[in-house]
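Visitor: Here is my input, please return the structure:
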Amino acid sequence: MVALVSGFLVVAGSPALAARGEVAPSATASTFTVHDDGSVHVDVAVTIVNHDSCPAGYVCFYDATAIAVPTVASGLSSDGGSIHAEGVSAFFERAVVSLSSNLVTGASRVIHVSYDISGGARSNPFVRTNRAYVEFFAFGVGDPGRVDVTITVPDEFDSTVDFASMERNDDGHTTTYHATAITNPDSFTAAFTARNDTALVHRSLVVAGHTVDLRSWPGDTGWADFVANELTRGVPALESLVRARLPKTNTLTITETAAPYLYGYAGWYTDINNSIEIGDDLDATVVLHEVSHEWFNRGVFSDRWINEGLAQDFSTLAVSRLGGKLAQPDPVDPNAAGHVTLDDWSAPQFRSDTADAEERFGYNASFYVIRTLADEIGPIRMDAVLGAAMRGDITYLGIVHSPEHEAGGFGWRQLLDLLDNTGHARTADALFAKLVATVPERAEMAARTTARASYAGLVARSGTWGAPRAVRQAMHDWNFGAAAPAVSQARKVLDLRDATQRLLAPLHVALPASLQQSYEQSASLDTVVSAATALHAAAQSLSAARSRLDAGRNVWQRIGLIGADAQRSLVLAEQAFARGDLAATARDTHAVSVSIGDASRVGQRRTAITGAVILALVLVLFGVRRLSRRRARRAEERAAAARAAETAGEPDDDSGAVAVGSDADADADADPGAVPDTGSEAGPGADEGYATAGFEPSDSNPA
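Guide: All right, here's what the predicted structure looks like:
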C-alpha cells in the first residue's frame, strides 16, 4: 500500500519535519514453515524503499509499513519496530509495523516480520493446523518480479499446492516449495494442504450391516460423534428411500478434511475406493449426500448433474424422514448469474470469475430437475426408473425376454428415455429442453420425437411380438439415422410374417418360434429378413402341396397314388416347417409334388401291367382247363377200354385173363395217355365198335 507523504515549511529556517505515513513493501521473501505437530510459523523479510523526491527545505520520510496476514495470525513480532493488527475482512488483516526509525527519502531497509498460523476445526475455513491435517494460503506482497514465497514441510506429511505454480524439492526429510520472482504477486495465492493420515483418530462402526471406518482429526471428537450418529440414523433411511442396500461391500471410509472447502464444496466421494472426505462442519445433509453417491456416481449416470441432483434429492428426503425440514430447490431463473445448461455443467473452472456462480446455479438446477420429476411420477415409478438405470437395462424393452443390459453409466438421453418409457413422465421432455440440452441437442430431441412416433407404430404393428433389438438399440443410443432403416426392415419382416401366417392358417401349422426370437433379439435384421423370406417360400410350397393333394383325381391319378402315401409326406413337411427345418420341408413337399405329378403316368403304367397280368392269368387258366379236360377224357377212355376188355369174353383160364390184364396195365403205366392195346386198332369210333361186338356192362349176364 502506497502512502502519500506531506510536509510543511518551518519559516524560522530550521529543517522541515515530515508527516507520518506508510510505505508499501517493494519486495518480500516469505517462508512458511510447517512443524511436526502441524503448527505453522511464518517469517517475512520485507524490503522497504523511499523513492519519493522531497522539496528543498523539507525532510520527507515514512514512519510505518504494513503487510497482509491471515486473521488467525498470532504472535506478531518485528525487528523493525512495534507491530499491531488492523482488521480488514473475515479472513485477512493488516500487520502494521511502526518503524523504529524513519525511512527518509532515498533510504531503503529490510525488516523482518514473524507470526504463527493456527486454525482449529470449524474456525477460519481456509486455515487448519493439527497433527493430521494442515491447510493455509501462502502469498507475498511487493513489486512484480520482487516477491518470493517458500513453504517447508516435514516428509511425515503428504503435501500439495493448488492454484499456483511452485517448484518442489525433497531432501529426504523435508519437502520445500519455491516460487521466486513472482511476476504478478497480486494474483498469486498458493493453497497448501498437507496430510498425515497416521495421526488420524479411527472409529470403527457397523451401520445397517455396513462397515465404516470413521477417521477424524486429533481432538475433534465433536465431529466424529456427529457423523457417527447421522450415519446410524441416516443410512437405513436412505436404503429405504432408494429401495436398495448400499451397493458397496467393502469398508466405507469417511475422513475429516477441509480440502473440499478450497474448491467451494462441502465434501466429495471417490467411487474407486469407496471413500468420502467431508469438511468439519456439522451438516447432516452433507453427510448423507456424500453417502448417496455410493448409488449415484459415474458407474450409474455419466453426467455430473444427474448424480448431484439425485444425491441431493435423496439426502434431503432422508433428513426430512429423520425429523428435519425438507429442503427444496430454488426456482430456476435461466437468466440468473452463472447460468449454464446442465449438459455443459461438468468439471468446474476453478479460480475463474464465474466458477462460483456456475456451481451454485448447477447444483440448484440439478436438484430442481430431479425433485420436479420425482414429485410428478411418484416414488414407485422413480424407483423403477432408478432400478433400470442401476441394472443397466436398455431403455427400450422387448416383451418376451429379459431386458438387455448396457455396460457403463447412462447419460441424460437415457435418463430421459427411462423417465418417459418407465416412469411415464409428462413434463420431462419440456424440462430437459429448457434446462438440460444445449441448442444442438434440442435438434436431437426433435428428431427423437419423430423416431419415437415411428417406433410406437412399429410396436403396435408387431402385435404380440416385441420390437426388434436392432431398432431398440438404435433408439437407446439415439442413433435415429440407423433406427429408420431398421424400422423399415422390421416392417418387411412383419409383412412376410403375416403373409406366411395366412398361408399356414388352412394347414393349421404355426410359424417356427425361431423367427420371433430372431426378430426380437438379433442385432441386425438382414438375416431376419432372409429367414422370413425363406419361411414364406416354404409356406407357399406347403400350401401348394396341400392344394394339389386335396384336388380332384381322375382314374389314372387315383390308381397312381395307391401306396404312394403323399399325405404322410405332407405331414412330415408340415412338422419340419414348424420346427424350422426348411431343408426337410423342401424334401418332403417335393416328395408330395413328385407323387402327384407322376400319378397319371404311374396309374397308366400300373393299369397296363395289371391288364397284362390278368390276360396272362386268363390264358394260363384256359390252358390248364383244356389240359384238365383232355386228361379227363383220356381217363374216361381208359376206363371204358378197361370195361370193354372185361366184357369181351371170359378167358379159358384165369391165367390168360390175368396176363392180358397185366399187359394192359403195363402199357398204361408206361404211357398214361396211351390207349390200351386190345388186339385191334384203337381210334375214333372204338367205343362204337365195342358196342357192335355185343359187349355189355360187366353186370350183364351173357346168353
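
Visitor: mind giving me the domain split of this protein?
Guide: Here the domain parsing of the chain from automatic domain parsing is 22-198, 202-391, 438-551+565-597.

Visitor: could I get those as JSON lines with mean neighbour count and distance to E404?
Guide: C-betas here are computed from N, CA, C, even on glycine. Converted to JSON lines, those look like this (neighbours: other C-beta atoms under 10 Å; distance: least, C-beta to C-beta, whole Å):
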{"stretch": "domain 22-198", "mean neighbour count": "18", "distance to E404": "44"}
{"stretch": "domain 202-391", "mean neighbour count": "18", "distance to E404": "11"}
{"stretch": "domain 438-551+565-597", "mean neighbour count": "17", "distance to E404": "7"}
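
Visitor: I'd like those domains as a markdown table, with mean pLDDT and distance to P403 appended.
Guide: Formatted as a markdown table, the domains of the chain follow (pLDDT from 0 to 100; distance: least, C-beta to C-beta, whole Å):
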| stretch | mean pLDDT | distance to P403 |
| --- | --- | --- |
| domain 22-198 | 94 | 43 |
| domain 202-391 | 93 | 7 |
| domain 438-551+565-597 | 89 | 10 |
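
Visitor: Relative to G398, which of those is closest?
Guide: domain 438-551+565-597 (3.3 Å; C-beta to C-beta).

Visitor: which one of the domains of the chain lies closest to R631?
Guide: Among the domains of the chain, domain 438-551+565-597 comes nearest to R631, with 47.5 Å by C-beta to C-beta.

Visitor: ok now the closest one, how far from the chain's centre?
Guide: Centroid displacement of domain 438-551+565-597 relative to its chain, using C-alpha atoms, centre = their mean, to the nearest Å, is 27 Å.

Visitor: quick one on the thing from earlier: just send the domains of the chain back as JSON lines, with distance to A644 too.
Guide: JSON lines is the format used below for these (distance: least, C-beta to C-beta, whole Å):
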{"stretch": "domain 22-198", "distance to A644": "151"}
{"stretch": "domain 202-391", "distance to A644": "121"}
{"stretch": "domain 438-551+565-597", "distance to A644": "67"}
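
Visitor: right, so of those, which gets closest to L415?
Guide: Of all those, domain 202-391 sits nearest to L415, with 5.9 Å by C-beta to C-beta.

Visitor: The closest one: end-to-end distance?
Guide: From its first residue to its last, domain 202-391 covers 35 Å (C-alpha to C-alpha, to the nearest Å).

Visitor: Next: stretch 508-524.
Guide: End-to-end distance of stretch 508-524 (C-alpha to C-alpha): 30 Å.

Visitor: how close does the closest residue to S524 other than its chain neighbours get to D477?
Guide: In this structure, S524 finds its nearest non-sequential neighbour in A470, 5.8 Å apart by C-beta to C-beta, 6 or more residues apart in numbering. To D477, A470 is 11 Å away according to C-beta to C-beta, to the nearest Å.

Visitor: most centrally placed residue in the chain?
Guide: The residue lying closest to the centre of the chain (C-alpha atoms, centre = their mean) is E406, at 0.9 Å.

Visitor: so what's it closest to, chain neighbours aside?
Guide: Distances taken as C-beta to C-beta, 6+ apart put G392 closest to E406, at 4.9 Å, once the chain neighbours are dropped.

Visitor: repeat for A513
Guide: G580 is the one closest to A513 (C-beta to C-beta, 6+ apart), at 7.9 Å.

Visitor: who's in contact with that neighbour?
Guide: G580 makes contacts with P512, A513, S514, L515, as judged by C-beta atoms under 8 Å, 6 or more residues apart in numbering.

Visitor: try R168
Guide: Contacts of R168 (C-beta under 8 Å, 6+ apart): V161, T175, T176, Y177.

Visitor: ok, which stretches of the stretch 201-350 of the chain are strands?
Guide: In the stretch 201-350 of the chain, strands defined by DSSP state E, counting those that start in this stretch lie at 201-207, 210-216, 252-256, 267-270, 275-278, listed in chain order.

Visitor: quick one: the third one to strand 210-216, angle?
Guide: The reference is to strand 252-256. Per axes from the mean of the first three to the mean of the last three C-alpha atoms, to 10 degrees, the angle that strand 252-256 makes with strand 210-216 is 20 degrees.

Visitor: partners of strand 252-256 in the sheet?
Guide: strand 210-216 (parallel), strand 275-278 (parallel) (DSSP bridges).

Visitor: Compare those and give me the one nearest A641.
Guide: Closest of those to A641 is strand 210-216, at 131.4 Å (criterion: C-beta to C-beta).

Visitor: Using PDB, write out every CA atom in that closest one.
Guide: What follows is strand 210-216, C-alpha atoms only, in PDB (Å, rounded to 0.1, in the frame of the first residue of the first chain):
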ATOM      1  CA  HIS A 210     -22.000 -52.000   6.600                       C
ATOM      2  CA  THR A 211     -18.500 -51.500   8.000                       C
ATOM      3  CA  VAL A 212     -17.500 -47.900   8.300                       C
ATOM      4  CA  ASP A 213     -14.000 -46.500   9.200                       C
ATOM      5  CA  LEU A 214     -14.500 -43.000  10.600                       C
ATOM      6  CA  ARG A 215     -11.300 -41.000  10.700                       C
ATOM      7  CA  SER A 216     -11.200 -37.700  12.500                       C
END
